[in-house]
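Colleague: could you look at this predicted model? Sequence included:
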Amino acid sequence: MREALFQFYKNIVEKCVDIEWKDLISVDPPKDASFGDFSTNIAMILAKKLNRNPVEIAEEIANQLRNNENVERVEVKKPGFVNWFVPKKVLLAYLPQMCEKDYARINLGNGRKVNIEYVSANPTGPIHAGHTRGAVSGDVLAELLKFVGYDVTKEFYINDAGKQIEILAKSLHHRYMELFGKTKESLPNWAYPGAYLVDTAKKLAAKYGDKFVETAESEWLEIFKQFAIDDMLAMIKDDLHALGVQHDVFSSEKDLVRSGAVDRVLEMLKGKNLIYRGVLPKPKSNDSEEWEEREQLLFRSTEFGDDVDRPLQKSDGSWTYFASDIAYHMNKIERGFDEMIDFWGADHGGYVKRMKAAVSALSNGAKKLDVKLVQLVRLMEDGREAKMSKRAGTFITARDIIDKVGKDVVRFIMLTRRDDAALDFDFKKVVEQSKDNPVFYVQYAYARTHSVLKQFEKTFGKQDVRISEVNANLLSEECLPLLKTIADWPRQVVMAARNREPHRIAFFLADVAAAFHSLWNQGKENTVLRCVLPDDFDKTCANLALIKAMQNVIETAFSIMGITAIKELR
RNA sequence: GCGGUCGUAGCUCAGUUGGAUAGAGCACGAGAUUCCUAAUCUCGGGGGCAUGGGUUCGAAUCCCCUCGAUCGCACCA
């Protein structure tokens, strides 16, 4: 009995018929639990293929299932569903497996190489609160895919080649001059206003002294650029570590351009006749003035479903962000990734088509780029939107919210919504330790299990309970809902991984916690249902096995989510 | 104007990738604690799934229209 429960039943159902289109068959819990524990649509699928009455087919399959001792109370319902219950003994037989470390670790990836690129914030300042969502989603998806057998590389792309780096260096220079009292004018409005550059300037001054005070821009620019990038990156990494995020690879746009990768990849696309010089039509949004018609180097993204062809070169002759991004994704392909997943902010949505087009062109359609657009986070302060002003340098940083509520809370809350739905993050609600707050709801359930273990020790003394020697039959009926929830964990993992939806794990944990809290409270009224029973050692051990299974699931889920399980709440 | 994302209970959101009578939490109403932590639990009211069509045994889910929200739309990232 190595496979997960849902697979176990899927196999049983599949054996009932001899068909090829097994992918179409679903074996899942029905919406309404009163119909049964599992349900299959197989009769409806067959009815279509064989042009027969689904209910008749359902009856035939139901009859086969009725002969199976692992299936109970088989019923056929209206359109052609076959429903059944899981016998208690099957469920109980799974208990030891549920307690194992590798429970729910199903191999979906088969070692396929996946590159997940996330955060990729510009190295011009600390990461802000909005970045944390993509950081968490990307990180948790990476861990999830690792868990199910993918070979995952977590990657951060450094946009260190553009004009904004020059502005950064000049802003730093201004702060540097300030240190030596060499500038009277206030900070120009094109400059980055954040106070963090003052610190960077101090570090730079500590290293070089006043060496650059009198020199021309050409002397200091490159040095200031590199110094600024290095310092910003160190700061960003620091912030990410505070969030529990650690990338495997940092790729530099600048290095990529220097290596000639952009020229190479464009040459290759030229060979495929996908690049030409042309003139773009004026965009409708652009009312007038600024726009000038110009011939430029274009990529034929329209051949891959994009709306217009896209420019590769700026007016000054340097590459556009898109050009180096093409080279970057080529680089990923060359490194042998079977699949690429990029996490972008929702404001980059207009960029998806052209990038997918590029990947398709580069790999002749062989490689897939999946772009996850992460919606923005609205920071709330007790129901009101927190004011942020980038201009005044008063935006809320990732560090601010991590320091305020803790890494675990940030990570959990970021997963309480689908990526493509906007999320409100209310500081006040999130630190509140109440049922309003899903983090504490789950943590509390976990803490309770540990208080049970303590209670056990107090009652029976210190001793090992071997799961394999426990008589699971002693578990009361009231434990079954929790047991069934835990039995569903592998299926949840598969769905979350297959759909690339890490948020499902957070929702599942809330279900587990709910089932447990419910069981717990039944024990308040009916002492027989408590976990630790001073008069019944054997039954206590059975309960303990269930508790351990639940702990195991929560610990596994938390480790995928990068959250620390708390044994005792105070 | 074009494109992306989205529209589900009063509020915040799930919805097993086309399944059955659409689900949670909050809020509202009524209850549970001499007890393994009440930071919890139990019960109740409340929804033509934005609108109109289409595809089929079957649609919140897939396709098209309309309305609304939001993001983007030469060269910036």
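Modeller: Sure, I can see it.
Colleague: roughly how far apart are the residue nearest in space to the middle of chain A and RNA strand B?
Modeller: By CA atoms, centre = their mean, chain A has its centre lying nearest to residue A:137, at 2.8 Å. Between residue A:137 and RNA strand B the computed distance is 12 Å (CB to the nearest atom of the strand, to the nearest Å). No exception for glycine: its C-beta is placed from N, CA and C like everyone else's.
Colleague: now that residue. Nearest residue, chain neighbours left out?
Modeller: residue A:419 (5.4 Å; CB to CB, 6 or more residues apart in numbering).
Colleague: which residue ranges of the stretch 351-500 of chain A form strands?
Modeller: A:368-374, A:377-381, A:384-385, A:423-426 (DSSP state E, counting those that start in this stretch).
Colleague: parallel or antiparallel, list what pairs with the longest one.
Modeller: Partner strands and pairing direction for strand A:368-374 (DSSP bridges) are strand A:339-345 (parallel).
Colleague: mean confidence score for the strand it pairs with?
Modeller: Across strand A:339-345, the average pLDDT comes to 93.
Colleague: can you list the buried residues in that strand?
Modeller: Neighbour-count burial for strand A:339-345, counted by 16 or more other CB atoms under 10 Å, picks out A:339-345.
Colleague: likewise stretch A:352-367?
Modeller: A:352-362, A:367.
Colleague: ok now that stretch, how far from the chain's centre?
Modeller: How far stretch A:352-367 lies from its chain's middle: 23 Å, per CA atoms, centre = their mean, to the nearest Å.
Colleague: show me what it is in contact with.
Modeller: A:265, A:268-269, A:272, A:274, A:299, A:301, A:303-307, A:310, A:322, A:325-326, A:329-330, A:333, A:337-340, A:342, A:344, A:368-369, A:371, A:373 (CB atoms under 8 Å, 6 or more residues apart in numbering).
Colleague: again, only this time at 6 Å
Modeller: A:274, A:301, A:304, A:306, A:310, A:326, A:329-330, A:333, A:369, A:371 (CB atoms under 6 Å, 6 or more residues apart in numbering).
Colleague: now, those residues that are in helices?
Modeller: Among these, DSSP state H puts A:326, A:329-330, A:333 in helices.
Colleague: farthest pair within these?
Modeller: A:326 and A:333 (10.6 Å; CB to CB).
Colleague: these two: which is more packed in?
Modeller: residue A:326 (28 against 18; other CB atoms under 10 Å).
Colleague: distance of that one from residue A:362?
Modeller: In this view, residue A:326 and residue A:362 are 7 Å apart by CB to CB, to the nearest Å.
Colleague: that older thread, count of residues packed around the residue nearest to residue A:137?
Modeller: The burial count for residue A:419: 22, using other CB under 10 Å.
Colleague: in this structure it contacts residue A:373, no?
Modeller: No - counting by CB atoms under 6 Å, residue A:419 sits too far from residue A:373 to count as a contact (7.0 Å).
Colleague: flag every residue of the stretch 451-570 of chain A that's near RNA strand B.
Modeller: Listed as neighbours of RNA strand B in the stretch 451-570 of chain A under the rule CB under 7 Å from any atom of the strand: A:451-452, A:454-455, A:495, A:498-499, A:501, A:503-504, A:507, A:510, A:514, A:517-525, A:527, A:529-532, A:568-570.
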